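Asks: Just a sequence and a predicted model for now, questions to come.
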Amino acid sequence: MKIGIIGTGYVGLVTGVMLSRKGHNIKSIDLNPKIVEKLQSGICTIHESGLEKHLGDSLKESKISFSSDYKDLVCSDAIFICVGTPGNEDGSANLGYVYSAISSVIEICDESTLIIIKSTVPPTSAVKFQEFIRQKGKKHLVTSSPEFLREGSAVFDFENPDRIVCGITDEYQKEIFNKIYYYIDIKKTPIIFTDTTTSEMIKYSSNSFLSVKLSFINEMANLCEKIGANIDDLSKGMGMDKRIGSLFLNAGPGYGGSCFPKDTNALEYLASKNEIETLVLSSSIKSNLSRYSMMRDKIMSFVLSGSTITALGMAFKAGTDDVRDSPAVNIIKLLVQENFMVQCCDVAGNQNFAGLNLPNCTVHDNPYEAMHQSECIVIFTEWDEFKNLDYKKASSIVKNKLIIDLRNLLDYEKVTEAGFKIVNIGKNLNK
Ligand code: UDX
């Protein structure tokens, strides 16, 4: 099929490239000509393992092309809208980019072109978009097909979806979706057809439930520390219950990224607008926000404010260069307010972090460089590269041999043999 993709961010680029690998002809639009130029020359503008190879293969086979001109979408059978929906101050989602994309599409494309919203939009948005189109005197139809890709494993997640969700308004649209997703083995991966609002709710409720699960295990980590239990064994023991599941039970410095915080706030906002109380969702949001200052206090209970510390990891999780709403960044901001000097090093997020221009922060490409004069090393992001550092070498560099491991990433024996005292979350190994 001829498919248009609007937006080449973490969702749009993965969706466009991977659909082109399935044989579809993809026209991908981004209004930033620099991004278009890079992508058209085969340079991946996001950090997603395996994506650049697929991009190169599809460019070679002319299965994908990039441009800033909406007119290139004119013959599309369907168009995925994958633009950003950033959070507003009040927690609501800003849908401005979606409305502007829809306005361009309905001016240029035939009314038979199916509009598919893949951007994360609050439930009932597709209904509002449809009304917007009707008021413009057009007949294009709006459907929904939310993404469930995790940054850092988006190619894997595209190839191994748990389910495909399609929000439709008319039975004939099933045929179009079945043609787009022809490659899906429905014995392995169910395709759910529902209405657009329920489709949007599946996305928001899934992300919000995962956030609640994380806030819960992080609170249990606090209790484990107090009573001398072990959070790693607790997670293992809980996760063996199939009803709970072992994923998303790793305690950490709090959850972050461009999705969970934004999506939970938007769902809470939508519920409050509909006078629905969300005690569980709201308290998990509060719990996560309070964790950042809790981690600051934990660090300050070992290191005097005004000291120099080393932050290993600024990305919101390993495998990505994305620092948006990263727990690491939120905690580093709090530490900087306490006059800490922070020497920072990430595996992929250095450039994005440097762009934040935080005071008292120095970015290093080499983790050992970031350790000089350091009173302690704080592990914020669970990169394997940090797990496998030479801690004997590290102990000859840092001023004070203390590691605060907020991801319980490091091998306790290896690090203590190198002469370090290690502080974890959710367990008191130093007892
Ligand atoms: C999330 C959803 O997982 C994905 O389905 C959706 O499409 C987009 O939002 P993403 O935000 O990329 O994906 O990252 P995810 O892997 O979900 O992690 C989110 C946050 O939770 C990160 O800060 C991560 O460090 C944290 N996390 C995750 C934990 O602290 N512990 C865990 O066990 C898992």
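Replies: Yes, it's here. Residues are numbered from 1 along each chain as shown.

Asks: ok, and for the longest helix belonging to the chain, which residues are buried?
Replies: What stands out as the longest helix in the chain, according to DSSP state H, is helix 196-227. Neighbour-count burial for helix 196-227 flags 196-197, 199-204, 206-208, 210-222, 224-225 (criterion: 16 or more other Cβ atoms under 10 Å). Where you see a C-beta, it was placed from the backbone N, CA and C, and this is true even at glycine.

Asks: got a list of what the residue nearest to residue 391 when sequence neighbours are not counted touches?
Replies: Nearest non-adjacent residue to residue 391, counting by Cβ to Cβ, 6 or more residues apart in numbering: residue 418, 3.8 Å away. If you count contacts by Cβ atoms under 8 Å, 6 or more residues apart in numbering, residue 418 has them with 391-392, 394-395, 401.

Asks: For ChimeraX, what selects the buried ones among these?
Replies: In ChimeraX, a selection of the buried entries from these looks like this (16+ other Cβ under 10 Å):
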select :391,394,395,401
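
Asks: Narrow the contacts of residue 418 to those in helices?
Replies: Among these, DSSP H puts 391-392, 394-395 in helices.

Asks: Contact partners for residue 352?
Replies: Per Cβ under 8 Å, 6+ apart, neighbours of residue 352: 314-315, 321-323.

Asks: Within the helices and strands, which one has it?
Replies: Take DSSP states H and E as the rule and residue 352 turns out to sit in helix 350-354.

Asks: Now that helix: buried residues?
Replies: Neighbour counts using 16+ other Cβ under 10 Å place 350, 352-354 of helix 350-354 among the buried residues.

Asks: Just the pLDDT for the nearest residue to residue 339 once chain neighbours are set aside.
Replies: Distances taken as Cβ to Cβ, 6+ apart put residue 306 closest to residue 339, at 4.4 Å, once the chain neighbours are dropped. Note on residue 306: pLDDT of 93.

Asks: State the number of residues packed around residue 306.
Replies: 11 (other Cβ atoms under 10 Å).

Asks: In terms of helix, strand or coil, where does it fall?
Replies: What DSSP: H, G, I helix; E, B strand; the rest coil gives for residue 306 is coil.

Asks: Could you measure from it over to residue 125?
Replies: Using Cβ to Cβ, to the nearest Å, residue 306 is found at 47 Å from residue 125.

Asks: ok and the residue in the stretch 301-431 of the chain nearest the ligand?
Replies: residue 317 (3.5 Å; Cβ to the nearest ligand atom).

Asks: and that residue, what is it in contact with?
Replies: Contacts of residue 317 by Cβ under 8 Å, 6+ apart are 151-152, 256-257, 381-382.

Asks: how does it look with 7 Å?
Replies: Applying Cβ atoms under 7 Å, 6 or more residues apart in numbering, we find residue 317 in contact with 152, 257, 381.

Asks: Tell me which helix or strand the first one sits in.
Replies: Following DSSP H and E, there is no helix or strand that holds residue 152.
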